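Participant: fold the stuff below for me.
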Amino acid sequence: MAEAEGEEPDGGALRPEERLGAALRTAREQRGLSLRALAKRLFRAHSLGRVFCELRRFEDAIDCEERSLAIAREVGHRWGEARSLEVLGIALLQTQGVEAARGCWRQAFKIFTGLGAPQADDLRARLTGTLDAP
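Facilitator: Just a heads-up that it's a prediction; the model follows:
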């Protein structure tokens with residue numbers, strides 16, 4: 001029987017960094033890619049996206065988060081996908097408005113909820129309008 005995503009064979013939940021490691025190993029096995037190269041690409045894009053948001057360079061943040069999102073999806077890293085969607089939503093809020101942001105946040109909320117991640121609570125509040133975007 002297939003294991004649930006984000007769980008170890010014995011049923012224990014994996015921490016985000018363990019999920020990333022498992023996703024990167026899978027991508028490496030499937031595509032022969034270097035774990036180090038994939039991890040660098042994912043972390044660099046997401047980290048830069050967050051920095052660009054802080055600097056209010058939202059178009060640059062969108063570009064970085066879209067790259068981060070593509071890498072996370074490529075390797076099957078659901079937590080990374082949700083984090084990228086969350087930050088992408090923040091940047092889109094500033095450039096395209098609340099509906100574009102909510103689309104990303106809904107996707108991130110669904111993923112975080114499925115993973116049992118506490119970030120789902122903040123996104124729920126943001127989606128219902130009880131928490132402002134940073």
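Participant: the longest helix seen in the chain - what's its average pLDDT?
Facilitator: Secondary structure of the chain read by DSSP state H shows that its longest helix is helix 35-54. Averaged over helix 35-54, pLDDT sits at 81.
Participant: what is the subsequent helix or strand relative to it?
Facilitator: Using DSSP states H and E, the next helix or strand after helix 35-54 towards the C-terminus is helix 58-75.
Participant: what residues does that following helix touch?
Facilitator: By Cβ atoms under 8 Å, 6 or more residues apart in numbering, the residues outside helix 58-75 that reach it are 23-24, 26-27, 38, 41-42, 45-46, 48-50, 52-53, 77-78, 80-81, 83-85, 87-88, 90-92, 94-95. Heads up, the C-betas are built off the backbone N, CA and C, glycines and all.
Participant: so how do I select the buried members of those in ChimeraX?
Facilitator: Of these, the buried ones go into a single ChimeraX selection, burial set by 16 or more other Cβ atoms under 10 Å:
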select :23,24,27,38,41,42,45,46,48,49,50,52,53,77,78,80,81,83,84,85,87,88,90,91,92,94
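Participant: re earlier: may I have the longest helix of the chain as PDB, with CA atoms only?
Facilitator: Taking Å, rounded to 0.1, in the frame of the first residue of the first chain, the C-alpha atoms of helix 35-54 are listed here in PDB:
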ATOM      1  CA  LEU A  35      20.500  17.000  -5.000                       C
ATOM      2  CA  ARG A  36      22.600  20.000  -4.300                       C
ATOM      3  CA  ALA A  37      21.700  21.700  -7.500                       C
ATOM      4  CA  LEU A  38      18.000  21.200  -7.000                       C
ATOM      5  CA  ALA A  39      18.100  22.300  -3.400                       C
ATOM      6  CA  LYS A  40      20.100  25.400  -4.400                       C
ATOM      7  CA  ARG A  41      17.700  26.300  -7.100                       C
ATOM      8  CA  LEU A  42      14.600  25.900  -4.900                       C
ATOM      9  CA  PHE A  43      16.000  27.700  -1.900                       C
ATOM     10  CA  ARG A  44      17.600  30.500  -4.000                       C
ATOM     11  CA  ALA A  45      14.400  31.300  -5.800                       C
ATOM     12  CA  HIS A  46      12.200  31.200  -2.800                       C
ATOM     13  CA  SER A  47      14.600  33.200  -0.600                       C
ATOM     14  CA  LEU A  48      15.000  35.900  -3.200                       C
ATOM     15  CA  GLY A  49      11.200  36.000  -3.700                       C
ATOM     16  CA  ARG A  50      10.800  36.700   0.000                       C
ATOM     17  CA  VAL A  51      13.600  39.400   0.000                       C
ATOM     18  CA  PHE A  52      12.100  41.100  -3.000                       C
ATOM     19  CA  CYS A  53       8.700  41.200  -1.300                       C
ATOM     20  CA  GLU A  54      10.400  42.900   1.700                       C
END
